[in-house]
Structure formats: C-alpha cells, structure tokens
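Peer 1: Sequence isn't available, so here's the structure alone:
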C-alpha cells in the first residue's frame, strides 16, 4: 500500500469517527437535557435533610460532568492530532492531496 493510500485511508477513518462522535454527542445532548430536567425537579432543598447532603449530591453530578467533558476534550485532541500529522506530511511534500503526502512516516510495506 502506498503512503498516499495509507494517508487517504487514515483521513477517511478519521472522518467516519468524527461522524460517529457527532451522533454520540447528539444522543448525549438529549440525555443531558433529560437529566437536567430531572435534577431541577428532584434535587431541591426540600429533598435533603441537611445542606451538606445536598452539596455532596450536586458535587457528584458535577464531577461526572467534568469527567465527560475531559473525555471529550481528549477525544477531540486525538482526532486533531491525526489530521495534523496528515497535514504536516502534506506540507513537507509541497503538494496538495493529489500530489501525494511525500516522505516522513515509514508505513512498512512499499507499494503493493
């Protein structure tokens, strides 16, 4: 497989992954809206005997949200690294995608 083909496959896989992530995020947005509604209706001062209990519960929810946001940020960073690697190789070769990706990464097998 040529390098150009390998990079094209890598970019195609990245595009498909981004599409799947977009679908996941849409589903998460719907889920988050349901959770928000539930929290607004059920996590009230009347539901807890002490203020500390309410604080602990809300902190747990916020910790979960921070973990989700952190995971999404890492996923986005990983996907952007794939694109940066492909673009860096394209710039080093001095051509567009049609001109090939040029040297750089050794993909193992030569043209098959």
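Peer 2: Sure thing, it's come through. Model, not experiment: these values are computed from the prediction. Residues are numbered from 1 along each chain as shown.

Peer 1: neighbours around residue 16, how many?
Peer 2: By other C-beta atoms under 10 Å, 10 other residues sit near residue 16. Backbone N, C-alpha and C define where each C-beta goes, glycine included.

Peer 1: which of the residues in the helix or strand harbouring it are buried?
Peer 2: Residue 16 belongs to helix 3-42 when elements are defined using DSSP states H and E. Under the neighbour-count criterion of 16 or more other C-beta atoms under 10 Å, helix 3-42 has 3, 4, 6, 7, 10, 11, 14 buried.

Peer 1: same thing with stretch 74-89?
Peer 2: Applying 16+ other C-beta under 10 Å to stretch 74-89 flags 82, 86, 89 as buried.

Peer 1: three-state assignment of the spatially most distant residue from the centre of the chain?
Peer 2: Residue farthest from the centre of the chain, counting by C-alpha atoms, centre = their mean, is residue 49 at 39.7 Å. Of the three states, residue 49 takes coil under DSSP: H, G, I helix; E, B strand; the rest coil.

Peer 1: Show me where the chain dips below the pLDDT cut-off.
Peer 2: Filtered on pLDDT under 70, the chain yields the residue ranges 90, 93-112.

Peer 1: quick check, nearest of the buried residues of stretch 74-89 to residue 40?
Peer 2: residue 82 (38.9 Å; C-beta to C-beta).

Peer 1: so what's the residue nearest to the closest one when sequence neighbours are not counted up against?
Peer 2: What sits nearest to residue 82 in space, not counting adjacent residues and going by C-beta to C-beta, 6 or more residues apart in numbering, is residue 14, at 4.9 Å. Residues near residue 14 by C-beta atoms under 8 Å, 6 or more residues apart in numbering: 79, 82, 83.

Peer 1: what's the answer for residue 74, then?
Peer 2: Residue 74 makes no contacts at all, as judged by C-beta under 8 Å, 6+ apart.
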